[in-house]
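Student: just need the structure, nothing else, for what follows:
(chains A and B)
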Amino acid sequence: MSIAPPSQDVLVSFRAVQKSYDGESLIVKNLDLDIRRGEFLTLLGPSGSGKTTCLMMLAGFETPTHGEIRLEDRLLNNVPPHKRDIGMVFQNYALFPHMTVAENLAYPLTIRKLSKSEIAEKVKKALGMVKLDNFGHRYPGQLSGGQQQRVALARALVFNPKLVLMDEPLGALDKQLREHMQLEIKHIHESLGVTVVYVTHDQSEALTMSDRVAVFKDGIIQQIDAANVLYEAPANSFVANFIGENNTLAGEVLAAEGDYYAVRLAGGDVVRALAVCPSDKGAVTSMSIRPERVRLADQAAGCENRLAGRLAEFIYFGDHVRLRLEVAGQNGFMVKVPVGQLDSGWRVGDTLDVGWSARDLRALDPLAA
Amino acid sequence: MMSESLVMDAPLTAADGVPLAVKLKRQARLKQLKALGLIAPLALFLLLTFLLPIGLLLKRSVDNPEVVSVLPQTSRLLADWDQRGLPSEAVFNALAADLTRAREEKTVPELAKRLNMEISGFRSLIQRTARKMPLELAPGASVRDRFIEIDERWGDPDHWHAIARNAKSWTPYYVYSALDLRETKSGTPELAPEEERAFLKIFGRTLWMSLWVTIWCIALGYPIAYWLATLPKRQSNLLMILVLLPFWTSVLVRVAAWIVLLQSEGLINRALMGLGVIDSPLPLAFNRMGVYIAMVHILLPFIILPTYSVMKSIPATYMRAAISLGDHPFAAFWKIYFPQTVAGVAAGALLVFIMCIGYYITPALLGGPEEQMVSYFVAFYTNVTINWGMAAALGSLLLVATMTLYAVYSKLVGANRLSLG
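Tutor: This is a model prediction of the structure:
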């Protein structure tokens, strides 16, 4: 699923970086992060998790309270933002409204004192890259949101920066356009091979575009991995719940059996779960299972873990149907069933066999709530 | 029904058979009437208190009723006068009749005053002649000779030209005078002799002082507006109150306060002398310096507010974007931030400039004779000499200057806006 970055050498490294705005609390706590050359890294997290602060420290608009940021072994801490040679795309596009599209694109090139013909050529190429060849003479105000975003993208790339930062660049676009732009940005990244650091709070965006995703919470990176690993093998309950849909079952660890725990659920049933976060015997654990990994009725027959569930609701999604079940005393247990596999005999109130493989049930840290 | 609506060129009708276009128009008209009803009181108020007085003022500047109303017969006859030599016996006769009636109706002084503006000494001529009315004449004697006998100036064609010029109900005299022009005998304007010119200099001074006040307001107001726009909301609100505070005091009080501060025995001079910085008081009040200080202070909020509101609407990301693209922050400010504030600064500067050219109280109280602006003379002609024509002409010219300025300005700034999309 993820494309391996062309080389594994490190472009940017954060070492023990801390940031505090008020001197009382840390918005970024002890961050160690390596950004590889040519990769598409997404910083994902809820608002206030410190992801944008990291981006701003990298861009130079915020200074770390402690720690070091290096770009190709050059210490960045005291380099002013205009000397960092890092392109940036902002959420509100930040296109200069009094300049045409072409003038916007020429801006970084003029500063770098390129010749007129060189500038014209690069601007033309950049416009072609974002498929806006005939829009050079227009003003940003005459463009649609999607077109403005493309110009912003082209402007951040036109001076061949080593690194491009994107701060929720698609946040202002509607869903369809956003999905289209995600692919376009991804293709541009692949064709240019530029290193991209992308900030978003939209997990599906992160999964679609990135080589690696760093999940932030409370100023700490919870997990940094490729999108599929993040989804299939979340390292803790936060990541499991933040990325994609997730069923959580709470239980008490009875015994460790190799890589697995035997866990007693609230209803008294005992299940086997993959031991991801270490737990003591008798401790509470939150177990996570994806809705599409659950088998129902006859298909559940061969599963290691099998429980009884009462059908509470059908929710129709067109390509699939979600069933809400009451399992082990919880009534929010969701199961995704493709329309073709739905048994037309099922009715609300029926009791079905619910099963899954022990490998798919991940015993994680107990949820705080 | 279905087939009817499918016919392309048949007009669409509503369910009740009325054509859709008619129905729509009816609705739109109703909305328009409602809107008109809502603005009617204000429109009426503006008409009565704003447009009408301005119209009257403009009329006053060319209004010339005195000669026509006091000397009706003479005026009528002089209209056909060939302007050569002295007028005919009939005209003298008419003048005698008119003056007799004017004496009875006690309208002689206004005529005398009006004609005195044309040629000094005309007042006494008219009054002396009027006292001799009605004319006692030996039969067969010439009225013309009798008039010249009363005062030989009646034999001077210039005085008759003056009456003839004003035998119309309108005159360019006031407007010409306000521009240091005078009417030649042929009716074309020419520049008055150097020693009689006054108003061109005053208009020039008014515009010059307004320009400097505006420049100072921009220089002082722009950084404050920028600071206000970048501060956190709580602090900027507090500072905004400080900016607006002067608005809550009357201009008169503020000017008086400046006199207390700036005069040679004032607080500033005493403090500086007390500190030993200066030996003799600085001339801060009752000169141009004092007028500039007070006017800039009074008008500063008018440039801060529009500039601030424009700056507030410029997201910080523009500057960040420019810097991230490699531009030095100062250069980015000049190339990216400043051009976007021009509209606000321009609006504020226009406001300040227009208010300046009509300023009266501050120069009158804090300035010397060399600081008085056009408005001072408008007040002078209205209150002191009761010369409404001159006051109205000066006021009209001020209005024309303001409107011209506004037109030029809105064209410059407006066109700029349009290209921004």
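Student: where does pLDDT dip in the stretch 201-350 of chain B?
Tutor: Nowhere does the stretch 201-350 of chain B drop to pLDDT under 70.
Student: which residues in the stretch 101-250 of chain B form strands?
Tutor: Ranges of strands within the stretch 101-250 of chain B are B:181-183, B:189-191, based on DSSP state E, counting those that start in this stretch.
Student: which one of those strands is the most hemmed in?
Tutor: Sort these by mean neighbour count, taking mean count of other CB atoms under 10 Å in any protein chain shown, and strand B:181-183 sits at the top with a mean of 17. C-betas here are computed from N, CA, C, even on glycine.
Student: partners of that one, with directions?
Tutor: strand B:189-191 (antiparallel) (DSSP bridges).
Student: within range of chain A, give me the residues from chain B.
Tutor: Within chain B, the positions adjacent to chain A are B:315, B:317-318, B:320-329, B:331-332, B:336, B:339-340, B:419-421 by CB under 8 Å from any CB of the partner chain.
Student: are any of those buried, and which?
Tutor: B:317-318, B:320-327, B:332, B:336, B:340 (16 or more other CB atoms under 10 Å in any protein chain shown).
Student: I'd like the strands of the stretch 101-250 of chain B as CSV, with distance to B:Gln73 and mean pLDDT appended.
Tutor: CSV is the format used below for these (distance: least, CB to CB, whole Å; pLDDT from 0 to 100):
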stretch, distance to B:Gln73, mean pLDDT
strand B:181-183, 24, 83
strand B:189-191, 29, 85
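Student: export these to a markdown table and tack on distance to B:Arg84?
Tutor: Formatted as a markdown table, the strands of the stretch 101-250 of chain B follow (distance: least, CB to CB, whole Å):
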| stretch | distance to B:Arg84 |
| --- | --- |
| strand B:181-183 | 18 |
| strand B:189-191 | 21 |
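Student: does A:Thr195 touch A:Glu39 like I think?
Tutor: Yes: A:Thr195 is within contact range of A:Glu39, at 6.1 Å (criterion: CB atoms under 8 Å).
Student: who's in contact with the residue lying closest to B:Lys132 once chain neighbours are set aside?
Tutor: Nearest residue to B:Lys132, sequence neighbours excluded (CB to CB, 6 or more residues apart in numbering or on different chains): B:Ile150, at 5.5 Å. Going by CB atoms under 8 Å, 6 or more residues apart in numbering or on different chains, B:Ile150 touches B:128-129, B:132.
Student: which of these fall in helices?
Tutor: Of the contacts of B:Ile150, the ones assigned to helices by DSSP state H are B:128-129.
Student: just want the residue of the stretch 101-250 of chain A that's nearest chain B.
Tutor: A:Gly141 (3.3 Å; CB to the nearest CB).
Student: pLDDT score for that residue?
Tutor: pLDDT for A:Gly141: 91.
Student: which SS state does it fall under?
Tutor: Classification of A:Gly141 using DSSP: H, G, I helix; E, B strand; the rest coil returns helix.
Student: where in the stretch 1-150 of chain B is pLDDT low?
Tutor: B:1-10.
Student: give me the residue from it nearest chain A.
Tutor: Counting by CB to the nearest CB, the stretch 1-150 of chain B gets nearest chain A through B:Ala35, at 29.4 Å.
Student: what about that residue, how many neighbours?
Tutor: By other CB atoms under 10 Å in any protein chain shown, the residues close to B:Ala35 number 10.
Student: can you tell me how far it is from B:Ala43?
Tutor: Going from B:Ala35 to B:Ala43 by CB to CB, to the nearest Å gives 11 Å.
Student: with B:Ile361 instead?
Tutor: 31 Å.
Student: residues of chain A that sit close to chain B?
Tutor: Counting by CB under 8 Å from any CB, the positions of chain A adjacent to chain B are A:59-61, A:80-88, A:90-92, A:94-98, A:107-108, A:111-112, A:139-142, A:155-156, A:159, A:165.
Student: show me these that map onto strands.
Tutor: Counting by DSSP state E, the residues of chain A next to chain B place A:86-88, A:165 in strands.
Student: run through who's touching stretch A:48-62.
Tutor: A:12, A:14, A:17, A:19, A:27-29, A:31, A:33, A:43-45, A:63-64, A:69, A:76, A:79-82, A:84, A:86, A:88, A:163, A:165, A:167-168, A:197, A:199, A:201, A:214, A:216-220, B:320, B:323-324.
Student: in that stretch, what's buried?
Tutor: A:49-62.
Student: could you flag which of the contacts of stretch A:48-62 are buried?
Tutor: A:12, A:14, A:17, A:19, A:27-29, A:31, A:33, A:43-45, A:64, A:69, A:76, A:81-82, A:84, A:86, A:88, A:163, A:165, A:167-168, A:197, A:199, A:201, A:214, A:216-220, B:320, B:323-324.
Student: among the residues you listed, which are located in strands?
Tutor: Per DSSP E, those map to strands at A:12, A:14, A:17, A:19, A:27-29, A:31, A:33, A:43-44, A:69, A:86, A:88, A:163, A:165, A:167, A:197, A:199, A:214, A:216-217, A:220.
Student: how many other residues sit next to A:Val196?
Tutor: Count around A:Val196 with other CB under 10 Å applied: 26.
Student: contacts only, for it.
Tutor: A:39-41, A:163-166, A:185, A:189.
Student: the same query, at a cut-off of 10 Å, please.
Tutor: A:35, A:38-42, A:87, A:89, A:156-157, A:163-166, A:185-186, A:188-189, A:209-211 (CB atoms under 10 Å, 6 or more residues apart in numbering or on different chains).
Student: how about B:Ile259?
Tutor: B:266, B:284-286, B:290, B:294, B:365-366.
Student: setting aside sequence neighbours, what's the nearest residue to B:Arg60?
Tutor: B:Ala392 (3.5 Å).
Student: more crowded one of B:Ile361 and B:Ala43?
Tutor: Neighbour count, other CB under 10 Å: between B:Ile361 and B:Ala43, B:Ile361 has more, with 17 against 12.
Student: quick one: that one from chain A, how far?
Tutor: 40 Å (CB to the nearest CB, to the nearest Å).
Student: buried ones in stretch B:266-285, by neighbour count?
Tutor: Going by 16+ other CB under 10 Å, stretch B:266-285 has these buried residues: B:266, B:268-269, B:281, B:284-285.
Student: B:Pro157 - how many residues pack around it?
Tutor: 14.
Student: now do the helices in the stretch 151-300 of chain B.
Tutor: Secondary structure of the stretch 151-300 of chain B (DSSP state H, counting those that start in this stretch): helices located at B:157-165, B:173-178, B:199-230, B:233-244, B:251-262, B:267-274, B:288-312.
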